[in-house]
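K.L.:
Compute the structure for the input listed below.
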Amino acid sequence: MIRSMTAFARKDVQDGQITLTCEIRTVNHRYLEPSFRLPDALRELENPFREELRKQLKRGKVDVSIRLQSAESGVSGFEINEDVAHAVNEAANHVNRMLDNPAHINALDILRWPGVLSVPEQDYSSAREAGLSLFKQTVAELTVVREREGERLRPLFDERLAQMKALVATVREGMPGLLKAQEEHIRERFQKARVELDPERVAQEMVMLAQKCDVAEELDRLEAHINEVTDTLKRDEAIGRRLDFLMQELNREANTLSSKSIDADVTRAAVDLKVLIEQVREQVQNIE
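P.N.:
Below is the predicted model:
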């Protein structure tokens, strides 16, 4: 299963007088790196959110934003601690009696004193339950989007892998003829130099040539890596890192093939292979 690391999901829910909106954006990243923007009322849910993400996602930079809106506008009321207010007032009056020029204390001065005025704490327990449920639903939708976006890349992978296989097969089929042509070239070289053909010397030259341009091992490994990529794309797990490693191996073999080339067609095939590998590698960077 191919899962893209680039996706977006958004869901809303209403719980009584409260509306919750959850948005999750993900982009490619080497590891799973979540960040959260939560209202204070839901701050304690960050750890459960992280656990849920670890269950559903393996890699990606994840930005989670949850907004909480209440249908009740403004502040419903204040609570005044009258005992503290009286104590502050008596303390202020007591100090004023000790001063030559006492300053008048007003109501706002008393209200500003810590503990005198407070806002009734709202019960957000149901909102927290709704928020956790909403988050799980949004992550589930995000997973579906990541899978859908990833599957859109499958035709590109299939096409490029088929082209790689064709190039490897073409080079393999052409190697016997290439070696034969090189043998003829060696014989012509000896003849032009008017050197008597020594069968043993010709055989030595052919052995050295065969060793120099023997790419059978590279072709075998290229074919094996291409097949492994094809099999990996069918796995129902996070495959991005494995694919990235296979791209490195494919590129290494294509470079070796190019360095051993003694023919323009083989060199061209190696270059084409590297272009195809790079095209796939660019897309692999966004696979979970």
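
K.L.:
Could you list the low-pLDDT ranges of this structure?
P.N.:
71-77, 118-122, 177-214 (pLDDT under 70).

K.L.:
Helices along that one, start to end?
P.N.:
For the chain, the helices defined by DSSP state H occupy 46-56, 82-98, 107-111, 125-151, 154-192, 199-213, 216-232, 240-259, 264-284.

K.L.:
Rebuild the ones you listed as JSON lines, extending it with distance to residue 2 and mean neighbour count.
P.N.:
For glycine as for every other residue, the C-beta is placed from the backbone atoms N, C-alpha and C. Listed next are those as JSON lines, based on distance: least, CB to CB, whole Å; neighbours: other CB atoms under 10 Å:
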{"stretch": "helix 46-56", "distance to residue 2": "16", "mean neighbour count": "14"}
{"stretch": "helix 82-98", "distance to residue 2": "63", "mean neighbour count": "12"}
{"stretch": "helix 107-111", "distance to residue 2": "62", "mean neighbour count": "12"}
{"stretch": "helix 125-151", "distance to residue 2": "4", "mean neighbour count": "18"}
{"stretch": "helix 154-192", "distance to residue 2": "6", "mean neighbour count": "14"}
{"stretch": "helix 199-213", "distance to residue 2": "37", "mean neighbour count": "12"}
{"stretch": "helix 216-232", "distance to residue 2": "10", "mean neighbour count": "16"}
{"stretch": "helix 240-259", "distance to residue 2": "9", "mean neighbour count": "18"}
{"stretch": "helix 264-284", "distance to residue 2": "9", "mean neighbour count": "17"}
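
K.L.:
Of all these, which one is nearest residue 66?
P.N.:
Nearest to residue 66, of all the helices of the chain, is helix 125-151, at 6.3 Å by CB to CB.

K.L.:
For residue 69, find the nearest of the helices of the chain.
P.N.:
Proximity to residue 69 (CB to CB) singles out helix 125-151 among the helices of the chain, at 10.7 Å.

K.L.:
how much does the closest one deviate in direction from helix 240-259?
P.N.:
Orientation note: helix 125-151 sits at an angle of 20 degrees relative to helix 240-259 (axes from the mean of the first three to the mean of the last three CA atoms, to 10 degrees).

K.L.:
among the helices of the chain, which is nearest residue 68?
P.N.:
Closest among the helices of the chain, using CB to CB: helix 125-151, at 6.7 Å.

K.L.:
If you compare the directions of that closest one and helix 264-284, what angle comes out?
P.N.:
170 degrees.

K.L.:
Next, the angle helix 46-56 makes with helix 125-151.
P.N.:
Using the same axes, to 10 degrees: helix 125-151 against helix 46-56 is 30 degrees.

K.L.:
where's residue 166 relative to residue 269, distance?
P.N.:
With distances taken as CB to CB, to the nearest Å, residue 166 is found 10 Å from residue 269.

K.L.:
sorry, back to before: any chance of the helices of the chain in TSV, plus distance to residue 15?
P.N.:
Converted to TSV, these look like this (distance: least, CB to CB, whole Å):
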stretch	distance to residue 15
helix 46-56	17
helix 82-98	34
helix 107-111	33
helix 125-151	4
helix 154-192	40
helix 199-213	72
helix 216-232	43
helix 240-259	37
helix 264-284	41
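
K.L.:
Relative to residue 39, which of these is closest?
P.N.:
The closest of these to residue 39 is helix 125-151. By CB to CB, the value is 8.9 Å.

K.L.:
Check which helices and strands the closest one is in contact with.
P.N.:
Packing partners of helix 125-151 (3 or more CB pairs under 8 Å, 6 or more residues apart in numbering; DSSP states H and E): strand 7-15, strand 18-27, helix 46-56, strand 60-70.

K.L.:
Identify, out of these, the most deeply packed stretch.
P.N.:
Greatest average neighbour count among those goes to strand 18-27 (a mean of 20), per mean count of other CB atoms under 10 Å.

K.L.:
Note down every partner strand of it and its orientation.
P.N.:
Sheet pairing here is set by DSSP bridges, and for strand 18-27 it gives strand 7-15 (antiparallel), strand 60-70 (antiparallel).
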